[in-house]
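>>> Give me a model of this one.
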Amino acid sequence: MELRHLRYFVMVAEERHFTRAAVRLNMQQPPLSQQIRALEAELGFELFKRHPKGVDLTTGGTVFLEEAKVILARVQQASRRAARVAEGIEGTLSIGFTSSAAAHPLIPRVIRAYRERYPAVSLTLEEGNAGHLTERTAAGQLEVGILRAPVSHPVGIEFHRLLVEELLLVLPAGHPALASHPEAVELQAVRDEPFILVRRPGAPGMYAKLLQACEAAGFQPRIAFEVGRMLTNVSLVAAGEGISVVPASMRGIHRESVVYRRILGARPRLVAPLTLTCRKFNQSPALQNFIALARQLAKEYRAQALREGT
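Numbering: from 1, shown residues only. Predicted coordinates:
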């Protein structure tokens, strides 16, 4: 039994006439009659009682008509839904993010815009460090990770760099270095300060570059604390436990108790990228739409920042 047999049967049942049904189906009447006979033979009972003016449904045919309509409606519904999923209009998407990446205004903007554009796609969100998100993405447990600098490059994983922003020094309000450096601070000016940094496994690239910049400035930084999240950095600086460096987009956090300053003369230049990571193969349409939207909004964000000189 094929779907076309059900469609033929429903059409004859609606028309109560083989010839009229054949016209609607754009086929000849004899082949239609043959198909209905074959369907009845497969079912083992008559669907129609034939008479000179057309046909009437048998008792079995009446029940079969109800079920056939349900089956055809479900097939049509499944076809429409599959088409929507294939276009990324419907489906699911799992997104992971680091706390520092989520603090950048672009990321909430992307997620909000995606929800508005694709309301039938169900989003699941989770937080983790860059290494954890990359591992889960490589294992297929997460579709896209939003992080700063990649910490590893597993086979089959691709990275989309959305933008790059500078790292800023975070100092407690009233710090002595601010008196002589009101706008920007050289690393040498804080050589004796305790540093609070994200653990090396969570941000190895930024951690390593800061160490290189300090060495180029002639000192080895004293690491007072290693924490799991950049938001914790700022909280500990606000508590007076040391200084730190964070992406420029985080400069609004604890503004009443900390001060953010640009870093002068750092070599290498201290920056924080914003990166999407996902698997290269078998990307869902929902994921492809998310990447395209993120890249589009990142381009607009960079253009706006360039116009405003920020």
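>>> any weak-confidence spans in the stretch 151-300 of the chain?
179-180, 200-204 (pLDDT under 70).
>>> The nearest residue to L6 once chain neighbours are set aside: neighbouring residues, count only.
Distances taken as CB to CB, 6 or more residues apart in numbering place A68 nearest to L6, at 4.5 Å, with adjacent residues excluded. Backbone N, C-alpha and C define where each C-beta goes, glycine included. Counted with other CB atoms under 10 Å, the neighbours of A68 add up to 21.
>>> do P172 as well
19.
>>> for A294, same thing?
Close neighbours of A294, defined as other CB under 10 Å, add up to 23.
>>> now A173
Neighbour tally, A173, other CB under 10 Å: 14.
>>> Spell out the residue ranges of the helices in this protein.
3-15, 18-25, 29-43, 59-86, 99-102, 106-117, 130-138, 177-180, 204-216, 230-238, 285-308 (DSSP state H).
>>> Identify whichever of those helices lies nearest to V259.
Among these, helix 177-180 comes nearest to V259, with 6.0 Å by CB to CB.
>>> what residues are up against the residue nearest in space to the middle of the chain?
Nearest to the geometric centre of the chain sits I95, at 4.5 Å (CA atoms, centre = their mean). Each residue near I95 by CB atoms under 8 Å, 6 or more residues apart in numbering is listed here: 111, 123-126, 142-146, 290.
>>> Now with 7 Å, please.
Taking CB atoms under 7 Å, 6 or more residues apart in numbering as the criterion, I95 is in contact with 123, 125, 144, 146.
>>> ok, the nearest residue to the third one once chain neighbours are set aside - how many residues close by?
I take that to be V144. Leaving aside its chain neighbours, V144 sits nearest to C278 (4.6 Å; criterion: CB to CB, 6+ apart). The tally of other residues near C278 (other CB under 10 Å) stands at 21.
>>> C278 pairs with what?
E158 (DSSP bridges).
>>> tell me the contacts of it?
If you count contacts by CB under 7 Å, 6+ apart, C278 has them with 137, 143-144, 158, 287, 291.
>>> Go again with 8 Å.
137, 143-145, 157-158, 160, 287, 291.
>>> Also Q35?
Here Q35 is in contact with 4-5, 8 (CB under 8 Å, 6+ apart).
>>> thinking again about what came up before, could you dump the helices of the chain into TSV and include distance to S257?
Formatted as TSV, these follow (distance: least, CB to CB, whole Å):
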stretch	distance to S257
helix 3-15	69
helix 18-25	77
helix 29-43	79
helix 59-86	49
helix 99-102	19
helix 106-117	24
helix 130-138	27
helix 177-180	13
helix 204-216	23
helix 230-238	4
helix 285-308	27
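>>> Of all those, which one is nearest P268?
That would be helix 204-216 among the helices of the chain, by CB to CB, at 5.4 Å.
>>> The closest one - contacts with which helices or strands?
strand 194-198 (3 or more CB pairs under 8 Å, 6 or more residues apart in numbering; DSSP states H and E).
>>> how about the strand it packs on: buried residues?
Neighbour-count burial for strand 194-198, with 16 or more other CB atoms under 10 Å as criterion, is recorded at 195-198.
>>> now, among those residues, which is nearest to D56?
Looking across the buried residues of strand 194-198 and measuring by CB to CB, the closest to D56 is V198, at 78.3 Å.
>>> For that closest one, which non-adjacent residue is closest in space?
Using CB to CB, 6+ apart and skipping residues adjacent in sequence, the residue nearest V198 is M230, 5.6 Å away.
>>> My guess is the one you found contacts A101. True?
No - contact between M230 and A101 fails when scored by CB atoms under 8 Å: they sit 9.4 Å apart.
>>> In contact with the residue nearest to V198, which residues?
Per CB under 8 Å, 6+ apart, neighbours of M230: 98-100, 103, 198, 203, 246-247, 250.
>>> Can you select the buried ones from those in PyMOL?
Applying 16+ other CB under 10 Å to these, the buried members can be selected in PyMOL as follows:
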select buried, resi 98+99+100+103+198+203+246+247+250
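>>> and which of the contacts of M230 is nearest to L297?
For the contacts of M230, the minimum distance to L297 (CB to CB) is 16.3 Å, reached by A103.
>>> What residues does the nearest residue to that closest one once chain neighbours are set aside make contact with?
In space, and not counting its chain neighbours, A103 is closest to M250: 4.9 Å by CB to CB, 6+ apart. The contact partners of M250, by CB under 8 Å, 6+ apart, come to 100, 103, 168, 230-231, 234.
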